[in-house]
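A.B. asks: Sequence and predicted structure below; questions after.
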Amino acid sequence: MSVAEPRRIVLFRHAKADWPQVSDHERPLNERGRKDAAVAGRKLADTGITFDLALCSTAVRTRETWKLAVHELAHRPKTVYEERVYEASPGELIAVLNEIPDDVQTVILTGHNPGVHGLAEVLAGDAEDDTRQRMNSRGFPAAAFAVLTFDGPWKSLEPGAATLADYWAPSE
């Protein structure tokens with residue numbers, strides 16, 4: 001694959017989590033979260049995007065979200081559970097994305113707010129149609145995802161380098 005071809009990043013927030021008496025990292029999805037994760041997986045499948053790589057936080061709720069969503073996809077990508085995605089800032093997430101090998105064209109990152117929403121805002125120098133307005137008015141609720149595109153190698157990904165191409169949230 002040529003680095004001249006556009007790359008795609010899907011930022012996917014974990015679905016609604018429960019609040020049992022466990023550490024934040026160990027919080028599971030609640031019933032609504034399990035349903036929304038599967039619906040989000042179907043919506044991801046509807047985009048027609050084929051993922052080369054999935055990066056997922058090691059937190060229980062993100063792993064559960066990804067496992068329910070990926071079940072809806074026609075192609076299951078290689079999945080890497082990445083500790084650095086948990087509680088990461090937009091800058092820390094960019095650093096993780098900068099390490100992706102250049103043979104990967106499309107990645108999905110399943111993570112947490114405020115990092116995922118902040119990353120979508122920071123990366124999106126431009127937006128298609130009303131995607132930025134919809135994302136700004138809705139925020140980035142549980143099980144939402146944003147699709148961004150950019151040109152160049154992963155190591156060149158930086159603030160403002162991408163276009164916000166799509167956005168979806170469970171209530172849309």
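C.D. replies: Thanks, I have it. Numbers count the residues shown, from 1 in each chain.

A.B. asks: okay, CA-based contacts and neighbour counts for the rest of this
C.D. replies: OK.

A.B. asks: and the spatially closest residue to His75 that is not a sequence neighbour, helix, strand or coil?
C.D. replies: Leaving aside its chain neighbours, His75 sits nearest to Thr50 (6.7 Å; criterion: CA to CA, 6 or more residues apart in numbering). Using DSSP: H, G, I helix; E, B strand; the rest coil, the structure places Thr50 in coil.

A.B. asks: wait, doesn't Thr50 sit right on Thr106?
C.D. replies: Yes: using CA atoms under 8 Å, Thr50 makes contact with Thr106 at a distance of 7.2 Å.

A.B. asks: ok, Glu82 - contacts?
C.D. replies: Residues counted as contacts of Glu82 (CA atoms under 8 Å, 6 or more residues apart in numbering) are Leu55, Cys56, Ser57, Thr58.

A.B. asks: Need the distance between the two termini of stretch 77-84.
C.D. replies: Separation of the first and last residues of stretch 77-84 by CA to CA, to the nearest Å is 20 Å.

A.B. asks: Any idea how many residues pack against the closest residue to Phe145 other than its chain neighbours?
C.D. replies: Among residues not flanking Phe145 along the chain, Phe12 sits closest, at 4.3 Å (CA to CA, 6+ apart). By other CA atoms under 10 Å, 32 other residues sit near Phe12.

A.B. asks: packing partners for whichever strand or helix holds Phe12?
C.D. replies: If you go by DSSP states H and E, Phe12 is part of strand 7-13. Where contact means 3 or more CA pairs under 8 Å, 6 or more residues apart in numbering; DSSP states H and E, strand 7-13 is packed against strand 106-111, helix 115-123, strand 145-150.

A.B. asks: what's the angle from that strand to helix 115-123?
C.D. replies: Calculated by axes from the mean of the first three to the mean of the last three CA atoms, to 10 degrees, strand 7-13 forms an angle of 140 degrees with helix 115-123.

A.B. asks: Beyond strand 7-13, next helix or strand please.
C.D. replies: Helices and strands here follow DSSP H and E; after strand 7-13, the next one along the chain is helix 31-46.
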